[in-house]
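*Asks:* structure of the sequence below:
(one chain, ligands or ions: 2)
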Amino acid sequence: MNKKSVRDVEVNGKRVFVRVDFNVPLEDGKITDDTRIRETLPTINYLIERGAKVILASHMGRPKGEVVESLRLNPASERLSELLGKPVAKADEAVGEAVKAQVEKLQNGDVLVLENVRFYPGEEKNDPELAKQFAELADLFVNDAFGAAHRAHASTEGIAHHLPAVSGLLMEKELSVLGKALSNPDRPFTAIIGGSKVKDKIDVINNLLTLADNVIIGGGLAYTFFKAQGHEIGKSLLDAEKLDTALGFIEKAKELGKNFYLPEDIVVTDDFSADANTKVVTIDSIPADWEGIDIGPKTREKYAEVIKNSKLVVWNGPMGVFEIEPFSHGTRAVAQACAETSAYTVIGGGDSAAAAEKFGVADKMDHISTGGGASLEFMEGKALPGVVALNDK
Ligand SMILES: Nc1ncnc2c1ncn2[C@@H]1O[C@H](COP(=O)(O)OP(=O)(O)OP(=O)(O)O)[C@@H](O)[C@H]1O
Ligand SMILES: O=C(O)[C@H](O)COP(=O)(O)O
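*Replies:* Numbering: from 1, shown residues only. Ligands and ions are numbered 1, 2, ... in the order given. Here you go, the predicted model:
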């Protein structure tokens, strides 16, 4: 990476503003998955051990510039304290005199967690005034929030214009793993794209068609391809505006000599629930009032074989509605194949990471990104504003 990292600068005795992504899932105020907090420990411990005064900032949810009590960072700060095995101070605001006073009191090696930065309207607007207020708290900016690196916000991008700005260790790891995978891939390179929103995945399919040898399509977005090919898709998901784009991808794959895999058989249901009727059909016989909900057994086998014969696999998005048991077999099969293959496996965050966790194979993956949208934008080939703003080496 051509950006400076925390390893390239002196941190002892410095006030260091570290942007992290503690946007973790909460249920009744309890954190249900603390991966994003655990993944920042190397950076935080690095700074503590070298005598920095560590000021952590994060967003949580989408409070739209207002204080939302359920989106305070107290649960994250408490969890961090448990993981570090030491007290962590928590501010009730993210800027202002009270926060300045708390920062003033920090000793070398102390940690302070600021309040949710999205409680301030200026955060998402990347307001230079708010960015300046953040910067006034510190001597150095460290961006370790890979998950929010695709957002040009005051605490991810704006602040970097007011302080020396470097990447954290998690940011560095994410960029190096994903960067290497995409710029110099081991082949055969297989990209698996699933999920429900065709619109959100268009750019990534387009870019991966150029980079990968095999592109595998699953999930709700497959049906737009079937419809484009003239098949009846019943009540399955459809993005009617993307039919031409879908056909274009099939053509592009042919022109580039790439293998483009669409499901051969699928599981359909007459109702979107665990006790609904289901059956397996080929893609040319989807009943008019049924809905495609998962890939079928033949497709599972085919996809598993392609994954097993790959050297690099990048997976983003589930193969079906994996949250409901009867519709989870396709996603489970892909997760299992990723766990068993000798290929280097990269999971692009979000739902696929949750699926790997659910099926007990997360620890078999080589890299699970902490970024959902961020990893998608990275794989689309877009520049991430939170990275662009950091100081060059
Ligand atoms: N055939 C289908 N019909 C309807 N919904 C589907 C189907 N297959 C998968 N899904 C749903 O798609 C959702 C995920 O889609 P989405 O496009 O948001 O992926 P994603 O969250 O971006 O994935 P990732 O986070 O891994 O990038 C899941 O909740 C899953 O239930
Ligand atoms: O969960 C994420 O993908 C990141 O924390 C970014 O959150 P956002 O989509 O609300 O900006």
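*Asks:* so what's the residue of the stretch 51-200 of the chain found nearest ligand 2 up against?
*Replies:* Residue of the stretch 51-200 of the chain nearest ligand 2, by C-beta to the nearest ligand atom: Gly147 (4.1 Å). Every C-beta, even on glycine, is put in place using the N, C-alpha and C of the backbone. For Gly147, the contacting residues are 21, 23, 36, 349, 370-374, by C-beta atoms under 8 Å, 6 or more residues apart in numbering.
*Asks:* could you rerun that using 10 Å?
*Replies:* Shown in contact with Gly147 (C-beta atoms under 10 Å, 6 or more residues apart in numbering): 20-24, 36, 39, 58-59, 170-171, 174, 349-350, 369-375, 386.
*Asks:* in this protein, which residue sits nearest ligand 2?
*Replies:* Going by C-beta to the nearest ligand atom, ligand 2 is nearest to Asn23 of the chain, at 3.5 Å.
*Asks:* chain center to stretch 190-209, what's the gap?
*Replies:* Between the centre of stretch 190-209 and the centre of its host chain there is 14 Å, according to C-alpha atoms, centre = their mean, to the nearest Å.
*Asks:* likewise for stretch 383-393?
*Replies:* That offset, for stretch 383-393, works out to 18 Å (C-alpha atoms, centre = their mean).
*Asks:* avg pLDDT for that stretch?
*Replies:* Mean pLDDT, stretch 383-393: 97.
*Asks:* that one near ligand 2 anywhere?
*Replies:* No: Stretch 383-393 stays clear of ligand 2 (C-beta under 6 Å from any ligand atom), getting no nearer than 10.6 Å.
*Asks:* again, but for stretch 158-173
*Replies:* No: using C-beta under 6 Å from any ligand atom, stretch 158-173 stays clear of ligand 2, with a minimum separation of 13.0 Å.
*Asks:* follow-up on the earlier one: what sits against the residue of the chain closest to ligand 2?
*Replies:* Residues in contact with Asn23 (C-beta under 10 Å, 6+ apart) are 36, 58-62, 71, 73, 76, 116, 118, 145, 147-148, 370, 372.
*Asks:* the residue of the stretch 1-150 of the chain found nearest ligand 1 and Gly348, how far apart?
*Replies:* Nearest residue of the stretch 1-150 of the chain to ligand 1: Gly147, at 11.2 Å (C-beta to the nearest ligand atom). As judged by C-beta to C-beta, to the nearest Å, Gly147 and Gly348 stand 12 Å apart.
*Asks:* quick check: beta-bridge partners of the residue lying closest to Val9 once chain neighbours are set aside?
*Replies:* Distance criterion C-beta to C-beta, 6 or more residues apart in numbering; nearest residue to Val9, sequence neighbours excluded, is Val166 at 5.7 Å. Beta bridges link Val166 to Val142 when assigned by DSSP bridges.
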